[in-house]
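Undergrad: everything below, folded, please.
(chains A, B and C)
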Amino acid sequence: MPELPEVETTRRGISPHIEGKTISNVVIRNHRLRWPIREDLPQLLQDQPITNISRRAKYLMLETPEGTLILHLGMSGSLRVVQNGDKPGKHDHLDLVCSDGTTLRLHDPRRFGAAVWTDEPCGQHSLLEHLGPEPLSDEFNGDRLTQCAKGKSRAVKLLIMDNQVVVGVGNIYANEALFMAGIRPDRPAGKISARRYARLADCIKIVLANAIEKGGTTLKDFVGGDGKPGYFQIELTVYGHGGEPCPKCEKPLTEIKLGQRTTVFCKSCQR
DNA sequence: CGAGCAACCTGCATGC
DNA sequence: TGCATGCAGGTTGCTC
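TA: You can find the predicted model right below:
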């Protein structure tokens, strides 16, 4: 489910309800995630205030004075704010119960997500330390892409989805940004001009920022027991529209696999 | 070293 | 209706 805009929307949705509160209880219902939730997490978090909820790439960090709980939502994870005692569902793995009863609940059917504790300074954890720049930061720009692409024969779509190059560009938004930039996803990365990379970097920022803005309308969905966060109101131009007419030129959109991921583009508009 | 790809899981849509 | 198949928005870690 979540790409970067969804993770950021989640952060904004849960922060007002959780930040500044103190954890009074931790319930592990199913420890099986990408890595098992460690058994002593309840003791580690007991009575800890959550001082800040931040995001790096698609990771959410719940910071406490003793350390940080790093959460990842994988392909199917979600976080919701419920009340202590609300009946858990089938794939509700973890509850963080605050002293006022407000509860952060991690749900993840496919179990590709993670809940990892670290007492290292935030960001030096092995999951985070080799990540590239945030896509919406100034360090990410056309020059960054041009540098990273130098001498590389791999497809440009794989380049922009590489977390060492830039974080947070998942399959959907990679497709959308390349369409907006008019660049073929399978073009060798090293053969694209600096000028076109400047355009691509801009398009990545626009597509992501736009999706985050749209996510803002769904923040209330993160509270309460029913329903799901309304991620999917974001209109997608090409992803999921293989074979349909290109929105620009009307010719059918081409669908291929690139790095085992569905890739949609217009042979006519993207070069 | 980079590149390619299998693996980790469940749920859902589709087709017979 | 039931069953088999294929597909899914991410990331790690293996092999070549």
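
Undergrad: burial measure for whichever residue of the stretch 101-250 of chain A sits closest to DNA strand C, as a count.
TA: Closest approach between the stretch 101-250 of chain A and DNA strand C, counting by CB to the nearest atom of the strand: residue A:170, at 2.1 Å. All C-beta spots, glycine's among them, are computed from the backbone N, C-alpha and C. Counted with other CB atoms under 10 Å, residues neighbouring residue A:170 total 19.

Undergrad: excluding chain neighbours, what is closest to it?
TA: Spatial nearest neighbour of residue A:170, excluding adjacent residues (CB to CB, 6 or more residues apart in numbering): residue A:3 at 3.8 Å.

Undergrad: contacting residues around that neighbour?
TA: For residue A:3, the contact set (CB atoms under 8 Å, 6 or more residues apart in numbering) comprises A:58, A:168, A:170, A:171, A:172, A:173, A:211.

Undergrad: so stretch A:257-271, near DNA strand B or not?
TA: Yes: for stretch A:257-271 and DNA strand B, the contact criterion (CB under 7 Å from any atom of the strand) is met by A:259, A:260.

Undergrad: coming back round to it: can you pull the contacts of the residue of the stretch 101-250 of chain A closest to DNA strand C?
TA: Going by CB under 8 Å, 6+ apart, residue A:170 touches A:3, A:4, A:58, A:161.

Undergrad: pLDDT-wise, what's the bottom of those residues?
TA: Lowest pLDDT of the contacts of residue A:170: residue A:3, 88.

Undergrad: buried residues in stretch A:69-78?
TA: A:69, A:70, A:71, A:72, A:73, A:74, A:77, A:78 (16 or more other CB atoms under 10 Å).

Undergrad: for residue A:250, phi and psi?
TA: phi 80, psi -10 (degrees, to the nearest 10).
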